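Asks: give me the fold of what follows.
(2 chains)
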Amino acid sequence: MAYVYYPGCSLKGTGVSYEKSLLATFERLNIPLQELDDWNCCGATSYMSISEEQALLLSARNLALASENGGDIIAPCSACYMILNRTANILRDDRTLRQKIVEKLKNVGLEHLDLSVRVRHPLDVLVNDVGLDTIRSAVVNKLTGLRVFPYYGCLIVRPGNGFDHPTYPTSLDRLLEALGCEVIDHPLKTRCCGGSLTGTLEEVGVRLVYILLKEAKKRGAHTLATLCALCQFNLDVYQEKAARKYNEAFDFPILFFTQLVAFALGANPREIGLEHHFVPAEQIFEMVR
Amino acid sequence: MEAIQRTVKYEADLSPQFSEEIRHLPGGETLWQCIQCGLCSASCPLSIYMDYTPRRIMAMTREGFKEEVLQSKTIWLCASCYACTVFCPQQVEITHIMYHLKQMAIREKRYPRNFPIPVLAREFSTWVRNHGRASEFWVVFRTWRKIAIGRLLRMIPQGLKLMRLRRLPISVHSIRQRRQLKKLLAQMNGGA
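Replies: A predicted model of the protein is given here:
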């Protein structure tokens, strides 16, 4: 099955190692990913705060572009994933609004809007399409002894996106177990990382980051596995500030889950973007070698 | 002599039109299912910073406290994590109602001017409208240039490190069909 890849702005900027490791993962699994041509920003939570209607149009343009190719859309960033999904759901349910949006799209030459196209997160695809058995049998570098704190962040399972539980998801736990990791159970799986607050009210953002790091430390984690470019950014880049502010030492490489998957499937550490990390991450992969 | 002000609001001061407007927006009608149990405030990771907790915002919106709600910091502190929405036993679409309130505060220009969150939201949206893609560097830069230049200076060490790690591109990327996107968005109400 072919997938349409919607990177979103972060994967071309602050989350560049997410893109590298995602592509490496799918390459190892021989699943083609075709980047959506001329995609635009999903609008994130900011555009939704300004104008609902324009925010819907932004996502509708992406859905229309993807309709040309057919095939499910893969959106790795949690905000993109949630917002594209929400737009598709709203347009499926609300006929009047759909007609209005379709008309606006036609006015600018976008003739085709296929709402049967599904918006998927790569975690969902790996666990439910590829399957854990396939992944288990494809593992070359087993991650034995690596204690991982699975961190889902808020938006991927909310509000009821359907592929996992909205407050206590387990897909990532099961995927990491299939790679040989020792997975830590904890109650903060979907607690907010602070989102863009680190860029606006830094103290508030840093506190939310601190709460997660402290929990991971208490439970003896070697690393945290994230699913979203913004979660990884906050936990990685603001770790030093959280340590200073709350007077507690942290030394957590913050990984994208795809870095662990790609490595386990045999990718070279050079392919998965370790050079972009704030807290050096090479140590994790030396541990399991 | 210091002016004395009434501290209690009478029913006549409230804005029933405001709550009616919310009722007619998508998800807005669910507000009338609220039983004021407070699970939203309890599950909210940001309620400890809010001027009114989410439970109070729900009550005040329903009763028509328009100025207080639209000028509150609460609606902007909401990070849209949907914890309240998934925990609500009454299926009130709290996060979406917060979005409607933010949109209304922008439209009516009532948001707190020096509060960075609405300013960032506006800068972000303007950038996306013009380029089709967001730029973390430029959006943050333009936000703080407006509010507090000093903060920008303090961000320099971290910014330089991010650039060295090749995680903070400064070059501007736009989509090819910029004009198509602009035309598309111009067809609908853009807030501000």
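
Asks: contacting residues for the residue lying farthest from the centre of chain A?
Replies: Computed with Cα atoms, centre = their mean, the residue of chain A farthest from its C-alpha average is A:Asn107, at 33.2 Å. By Cβ atoms under 8 Å, 6 or more residues apart in numbering or on different chains, the residues touching A:Asn107 are B:Lys183, B:Leu184, B:Gln187. C-beta: built from backbone N, CA, C; applies to glycine.

Asks: okay, now the residue lying closest to the second one once chain neighbours are set aside: neighbour count?
Replies: When the adjacent residues along the chain are set aside, B:Leu184 lies closest to A:Val108, with 4.7 Å between them (Cβ to Cβ, 6 or more residues apart in numbering or on different chains). By other Cβ atoms under 10 Å in any protein chain shown, the residues close to A:Val108 number 19.

Asks: hang on, A:Val108 packs against B:Ala186?
Replies: No: A:Val108 is not in contact with B:Ala186 according to Cβ atoms under 8 Å; the separation is 9.7 Å.

Asks: about what we covered before: give me the buried subset of the contacts of A:Asn107.
Replies: B:Leu184, B:Gln187 (16 or more other Cβ atoms under 10 Å in any protein chain shown).

Asks: tell me the one among the contacts of A:Asn107 nearest to B:Thr61.
Replies: Of all these, B:Thr61 sits closest to B:Gln187, with 29.3 Å by Cβ to Cβ.

Asks: list the contacts for the closest one?
Replies: A:Leu57, A:Lys104, A:Asn107.

Asks: try it again at 6 Å.
Replies: By Cβ atoms under 6 Å, 6 or more residues apart in numbering or on different chains, the contact list for B:Gln187 reads A:Lys104.

Asks: next, the buried residues of stretch B:161-176.
Replies: B:Leu162, B:Leu165, B:Arg167, B:Leu168, B:Pro169, B:Ile175.

Asks: show the end-to-end separation of that stretch, please.
Replies: With Cα to Cα, to the nearest Å applied, stretch B:161-176 spans 31 Å between its terminal residues.

Asks: in chain B, which spans are helices?
Replies: B:16-23, B:39-43, B:54-63, B:66-70, B:74-77, B:83-87, B:94-107, B:116-131, B:136-147, B:149-164, B:178-186 (DSSP state H).

Asks: what's the closest of those to A:His276?
Replies: Taking the helices of chain B one by one with Cβ to Cβ, helix B:149-164 is closest: 9.1 Å.

Asks: which neighbouring elements make contact with the closest one?
Replies: With contacts taken as 3 or more Cβ pairs under 6 Å, 6 or more residues apart in numbering or on different chains; DSSP states H and E, helix B:149-164 sits against no other helix or strand.

Asks: now for the buried residues of stretch B:161-176: which two are most distant?
Replies: B:Leu165 and B:Ile175 (25.8 Å).

Asks: so where's the stretch 151-289 of chain A shaky on pLDDT?
Replies: Scanning the stretch 151-289 of chain A for pLDDT under 70 picks out the ranges A:160.

Asks: could you tell me which residues of it lie near chain B?
Replies: A:Cys154, A:Arg158, A:Pro159, A:Pro166, A:Cys192, A:Gly195, A:Gly199, A:Thr200, A:Val204, A:His276 (Cβ under 6 Å from any Cβ of the partner chain).

Asks: where's the last one relative to A:Pro269, distance?
Replies: When Cβ to Cβ, to the nearest Å is applied, the distance between A:His276 and A:Pro269 equals 12 Å.

Asks: what's around the nearest residue to A:Leu11 once chain neighbours are set aside, how many residues?
Replies: Taking Cβ to Cβ, 6+ apart, and ignoring the residues beside it in sequence, A:Leu11 has A:Glu19 as its nearest neighbour in space, at 4.1 Å. A total of 22 residues lie near A:Glu19 under the criterion other Cβ under 10 Å.

Asks: distance of B:Val128 relative to chain A?
Replies: As judged by Cβ to the nearest Cβ, to the nearest Å, B:Val128 and chain A stand 5 Å apart.

Asks: I figured that residue hits A:Cys41, correct?
Replies: Yes: using Cβ atoms under 6 Å, B:Val128 makes contact with A:Cys41 at a distance of 4.6 Å.

Asks: domain ranges for the chain?
Replies: Since you didn't name a chain, this refers to chain A. Domain ranges of chain A: A:3-120, A:132-287, per automatic domain parsing.

Asks: you looked at the wrong chain, it should be chain B
Replies: B:11-107, B:116-186.

Asks: please identify the deepest-packed of those.
Replies: domain B:11-107 (a mean of 19; mean count of other Cβ atoms under 10 Å in any protein chain shown).

Asks: wait, isn't B:Met98 in contact with B:Cys78?
Replies: Yes: if you go by Cβ under 6 Å, B:Met98 and B:Cys78 touch, sitting 4.4 Å apart.

Asks: can you classify A:Ser49 as helix, strand or coil?
Replies: Following DSSP: H, G, I helix; E, B strand; the rest coil, we place A:Ser49 in the helix state.

Asks: which residues does it contact?
Replies: The neighbourhood of A:Ser49, defined by Cβ under 6 Å, 6+ apart, consists of B:Lys102, B:Ala121.

Asks: and it, what's its pLDDT?
Replies: Predicted confidence (pLDDT) for A:Ser49: 95.

Asks: repeat that for B:Asn114.
Replies: So B:Asn114 comes in at 87 (pLDDT).

Asks: contacts only, for A:Ser116.
Replies: For A:Ser116, no contacting residues are found, by Cβ under 6 Å, 6+ apart.

Asks: what separation do you get for it and A:Val125?
Replies: Using Cβ to Cβ, one gets 17 Å for the distance from A:Ser116 to A:Val125.

Asks: what parts of chain B come near chain A?
Replies: Close to chain A, as judged by Cβ under 6 Å from any Cβ, chain B has residues B:45, B:49, B:79-82, B:85-86, B:99, B:102-103, B:106, B:116-117, B:120-121, B:124-125, B:128, B:132-134, B:136, B:140, B:165, B:167, B:169, B:175-177, B:180-181, B:183-185, B:187-191.

Asks: do you know how far the nearest residue to A:Lys189 once chain neighbours are set aside is from A:Glu240?
Replies: Excluding the flanking residues, the one nearest A:Lys189 by Cβ to Cβ, 6+ apart is A:Tyr152, at 4.9 Å. Per Cβ to Cβ, A:Tyr152 is found 24 Å from A:Glu240.

Asks: ok, now A:Val16?
Replies: To A:Glu240, A:Val16 is 20 Å away according to Cβ to Cβ.

Asks: and these two? Which one has more around it.
Replies: A:Val16 (21 against 15).

Asks: B:Ile94 touches B:Thr85, doesn't it?
Replies: Yes: with contact defined as Cβ under 6 Å, B:Ile94 reaches B:Thr85; the gap is 5.2 Å.

Asks: ramachandran coordinates for A:Thr223?
Replies: phi -160, psi 160 (degrees, to the nearest 10).

Asks: OK, contacts around it?
Replies: So A:Thr223 contacts A:Val148, A:Pro253, A:Leu255, A:Ile284 (Cβ under 6 Å, 6+ apart).

Asks: most neighbours among those residues, which one is it?
Replies: Busiest of those [other Cβ under 10 Å] is A:Leu255, holding 28 neighbours.
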